[in-house]
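A.B. asks: The amino acid sequence is not available; the structure is as follows:
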């Protein structure tokens, strides 16, 4: 059975424009909060294939979206490369011992990390076993740059001062780290696909931390390498790239992938002009519009007008916020389905 | 005596490209830290014209920059409009009672606020009295959007969820607040100019929080209104606009001002292509390049190559970071002066 999400990724005409939301399996859903409470904490939920499968499927049943996205976290990769990871309540992720020396870097494992992520592959197998055949399952990973930044900084940062000091004073150290992470991600994404992912997405959440030349040198080139590797091995699997907040760099975006994720700060018209012929676009509704049904309606109309139901996958331009009312999330999905029906 | 900074703002040819740094009177300077310690805390320093004058002049003497920028903070404006303001150590500014109701909004004063800011005007008079005649003094304020966001959120925010909920569900409330702030800023900037500021700059630090249409409706239009008002009254005073991180919106930038500040995330070539004929450009060296002298040299070379010494004011693309070595800041200024000498 064909999946309209996968068809749309390849630019084929579909019955309506497919829609899903980043972080759709998340805190705005009481059903998610219940399973997460049962699991104990966030990382335990990532480690529990049965429960991770359950929350992955919730938005399919509750909202009627066209694709499920694996419930996991981008930081399980550095964790399984050998770094202790904690999620501090109310403060986000923390690596208590960030990478500082060449010894720290050499100690990180590659093949073993990809093997240790078996609980992710098992989650994918369980989801694919339960998900309706016409709904797609999206696997994902963080971009090497975003992961390496966490590994160097140890936690979220406003200035990226440690990692940027490194790229301007010891670029070869950073490249060595990025190389290792890239190799793990090639294996990791291959295994996700072989376990049943119908499409994959690479999230470069911290793309906007770098000036243009540095972005291409330290981030995009590595993402592109992963995409080419996967495309050669699995040509039937769509690849979605999502570098967040680089609207000034679109002229230099290229590579062997299918869908470009447009964040809300990048005007969709601009993305269409620069990339719309070459890639299908995904996005880019402002997530805070979901606080108001009137703002949702207007936002969907604007996007429909720009994309004209062609070469587009509907999504938010960033993850859904935890305090959005569930009825507004449902309203968003219904608006898209109604406004884009052929 | 003419000031090369002011000449360059109006696109005139100068002996070298003028250079200064955002936050040049700041924590990376031991001389600044000494005066700040004497003052007690950050707000006391803003309130003390003699000491604020002293730190404003330090980078002129220590680094040899071509312009001084008034030492103050954008948040003294909402404070004098009637909001209690605290600077919590290590956490940044805090308004313990943010604007929530129409009563809160109605209680904010306008003319009185502009009068209460007398300590700023006195600081400007003292600086202008001591500053060499060939060096310019830049006055400044925050953009209405950036100030209003602080007034609504109460503190720094990652998601801007409160203020964005407001703009999508009660836009008229937000416009009423922005109107009041705009009126104060017109008076405030007029008084800064009449006290001796040779140029003024409007900082929209949180420009990147808004999607394109919302940006023009809730921010740029108000900034533009202030610029037009000042330009009509003081045509000989250059106006610099600095909306941070809106590289995707440059096609729609217009208005009655002289210099457009280019942040480091906006490619300078792109800004030149879109705005360089109409406005002089200021910026946009990546501030973290100041961690490495080699990176400084390469960064200055790149910018010189793009701007070719024309219609440009050298600056960082964001404030100098507190842990930059003073010798590197000096090296940056010397590199600019050497590489741009006619």
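C.D. replies: In hand now; what should we look at? As the structure is a computational prediction, the values presented were derived from the model and not from experiment.
A.B. asks: got the contact list for whichever residue of the stretch 1-150 of chain A sits closest to chain B?
C.D. replies: With Cβ to the nearest Cβ as the measure, residue A:92 is the residue of the stretch 1-150 of chain A nearest to chain B, at 9.9 Å. C-beta coordinates here come from the backbone N, C-alpha and C atoms, glycine included. Residue A:92 sits next to A:155, A:156 when contact means Cβ atoms under 8 Å, 6 or more residues apart in numbering or on different chains.
A.B. asks: same check, this time on residue A:275
C.D. replies: A:250, A:253, A:260, A:281.
A.B. asks: switch the cut-off to 10 Å
C.D. replies: By Cβ atoms under 10 Å, 6 or more residues apart in numbering or on different chains, the residues touching residue A:275 are A:250, A:251, A:253, A:254, A:260, A:262, A:266, A:281.
A.B. asks: Could you report the pLDDT at it?
C.D. replies: pLDDT recorded at residue A:275 is 98.
A.B. asks: Please apply the same query to residue A:159.
C.D. replies: pLDDT, residue A:159: 86.
A.B. asks: May I ask which helix or strand encompasses the residue nearest to the spatial centre of chain A?
C.D. replies: Centrality entry for chain A: nearest residue to the mean C-alpha point is residue A:203, 4.0 Å, by Cα atoms, centre = their mean. Residue A:203 belongs to strand A:199-204 when assigned by DSSP states H and E.
A.B. asks: and the very next helix or strand once past that strand, average pLDDT?
C.D. replies: Of the helices and strands lying after strand A:199-204 in sequence (DSSP H and E), the nearest is helix A:212-215. The pLDDT scores in helix A:212-215 average 98.
A.B. asks: Please apply the same query to stretch A:30-48.
C.D. replies: For stretch A:30-48, mean pLDDT is 95.
A.B. asks: for stretch A:6-25, same thing?
C.D. replies: For stretch A:6-25, mean pLDDT rounds to 97.
A.B. asks: Mind listing what's buried along that stretch?
C.D. replies: Neighbour-count burial for stretch A:6-25, counted by 16 or more other Cβ atoms under 10 Å in any protein chain shown, picks out A:6-9, A:14, A:16-25.
A.B. asks: out of these, which are inside helices?
C.D. replies: A:6, A:7, A:8, A:9 (DSSP state H).
A.B. asks: And the residue nearest to the last one when sequence neighbours are not counted, how far from residue B:197?
C.D. replies: Okay, so that is residue A:9. Nearest residue to residue A:9 in three dimensions, chain neighbours excluded: residue A:238, at 3.4 Å (Cβ to Cβ, 6 or more residues apart in numbering or on different chains). Going from residue A:238 to residue B:197 by Cβ to Cβ, to the nearest Å gives 56 Å.
A.B. asks: Likewise for residue A:2?
C.D. replies: In terms of Cβ to Cβ, residue A:2 sits 65 Å off from residue B:197.
A.B. asks: Settle it for me: which of the two has more neighbours?
C.D. replies: residue B:197 (25 against 11; other Cβ atoms under 10 Å in any protein chain shown).
A.B. asks: Contact partners for that one?
C.D. replies: Counted by Cβ under 10 Å, 6+ apart, residue B:197 has contacts B:69-70, B:120-121, B:124, B:127-128, B:136-140, B:189, B:191, B:234, B:237.
A.B. asks: Show me those residues that map onto strands.
C.D. replies: Judged by DSSP state E, the subset of the contacts of residue B:197 located in strands is B:69, B:136, B:137, B:138, B:139, B:140.
A.B. asks: residues touching the second one, list them.
C.D. replies: In other words, residue B:136. By Cβ under 10 Å, 6+ apart, the residues touching residue B:136 are B:2-9, B:18, B:20, B:65-69, B:128, B:197-199, B:238.
A.B. asks: Could you report the distance from it to chain A?
C.D. replies: Per Cβ to the nearest Cβ, to the nearest Å, residue B:136 is found 27 Å from chain A.
A.B. asks: Is that residue bridged to anything, and to what?
C.D. replies: residue B:67 (DSSP bridges).
A.B. asks: I'd like to know how far it sits from residue B:313.
C.D. replies: The spacing between residue B:136 and residue B:313, counted by Cβ to Cβ, is 10 Å.
A.B. asks: after the helix or strand containing residue A:77 comes which helix or strand?
C.D. replies: Secondary structure from DSSP H and E places residue A:77 in helix A:76-80. Using DSSP H and E, the helix or strand that follows helix A:76-80 in sequence is strand A:86-88.
A.B. asks: in that next one, what counts as buried?
C.D. replies: Buried residues in strand A:86-88 (16+ other Cβ under 10 Å): residue A:87.
A.B. asks: Briefly note if that strand comes near chain B.
C.D. replies: No - against chain B, strand A:86-88 shows no contacts by Cβ under 10 Å from any Cβ of the partner chain, the least distance being 15.7 Å.
A.B. asks: Mind listing residues that contact that strand?
C.D. replies: The contact list for strand A:86-88 (Cβ under 10 Å, 6+ apart) reads A:41-44, A:46, A:73, A:75, A:79, A:92-96, A:155.
A.B. asks: Mind picking the two most distant members of the residues you listed?
C.D. replies: Spatially, the most separated pair among those is A:44 and A:155, at 20.2 Å (Cβ to Cβ).
A.B. asks: Would you mind listing the buried residues in the helix or strand hosting residue A:54?
C.D. replies: Using DSSP H and E, residue A:54 falls within helix A:49-63. Buried residues in helix A:49-63, counted by 16+ other Cβ under 10 Å: A:49, A:51-60, A:62-63.
A.B. asks: burial count for residue A:89?
C.D. replies: Residues near residue A:89, counting by other Cβ under 10 Å: 8.
A.B. asks: ok, it to residue B:319 distance?
C.D. replies: Taking Cβ to Cβ as the measure, residue A:89 falls 32 Å from residue B:319.
A.B. asks: surely residue A:211 meets residue B:270?
C.D. replies: No - counting by Cβ atoms under 10 Å, no contact exists between residue A:211 and residue B:270, whose distance comes to 12.0 Å.
A.B. asks: Pull up the overlap in contacts between residue B:136 and residue B:313.
C.D. replies: B:4, B:5, B:8, B:9, B:18, B:20, B:66, B:67, B:199, B:238.
A.B. asks: Now for the fourth one: which residues touch it?
C.D. replies: What it means is residue B:9. B:3, B:18, B:67, B:136, B:138, B:198-199, B:237-240, B:257-259, B:279-280, B:282, B:311, B:313.
A.B. asks: Nearest residue to residue A:152 in space, ignoring adjacent ones along the chain?
C.D. replies: Leaving aside its sequence neighbours, residue A:152 sits nearest to residue A:163 (Cβ to Cβ, 6+ apart; 4.4 Å).
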